[in-house]
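J.: Generate a structure from the sequence data that follows.
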Amino acid sequence: MKPEKIVFYIGGYPGPYHYLSYDGDELVYTDSAGGIDSDSNVSITPSRTKWKNFKTKLDTIDIWGWDKRYVMKGVCDGTQWEFEVHWGSQKIRSYGDNDYPESFEMLLQAIRNLSSINDIS
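T.: Alright, predicted model coming up:
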């Protein structure tokens, strides 16, 4: 079983940033070092096992219970992130600005494992 939708973004001005999206058909990873014409796109086809492991990790870290937003007040620059997933009846959209849930690093690792892209941080 695969999700219906995934949106993941992490980065800050002027870069780099990482963007992963899945629309039910294609998983696409985009990264940018910042600047004009620096984006690169990669289409990814995870195995059935990778999808299963990803879902298990989302359940293990209880992503479904994450707060809607994590914001460090008083900081204007830094790192912003967003994660949205629709998987059957389970849906979550969470985002942050220089603040993260405790299990955020585990989400990053799950995304690296799903995509086989180790540069996502």
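
J.: Would it be right to say that I111 lies in a helix?
T.: Yes. Assigned with DSSP: H, G, I helix; E, B strand; the rest coil, I111 falls within a helix.

J.: Can you give me the neighbour number for it?
T.: For I111, the neighbour count with other C-beta atoms under 10 Å is 20. The C-beta positions use only the backbone N, C-alpha and C, and glycine is treated the same way.

J.: Let me see the ranges of the helices in this protein.
T.: Per DSSP state H, the chain carries helices over the ranges 48-60, 104-115.

J.: Dump those into JSON lines; add mean pLDDT and distance to D97 as well.
T.: Shown next, in JSON lines, are the helices of the chain (pLDDT from 0 to 100; distance: least, C-beta to C-beta, whole Å):
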{"stretch": "helix 48-60", "mean pLDDT": "97", "distance to D97": "22"}
{"stretch": "helix 104-115", "mean pLDDT": "97", "distance to D97": "13"}
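
J.: Run through the residues that contact the closest residue to G88 other than its chain neighbours.
T.: Spatial nearest neighbour of G88, chain neighbours left out: M1 (7.3 Å); criterion: C-beta to C-beta, 6 or more residues apart in numbering. Contacts for M1 (C-beta atoms under 8 Å, 6 or more residues apart in numbering) come out as 51-52, 55, 87-88.
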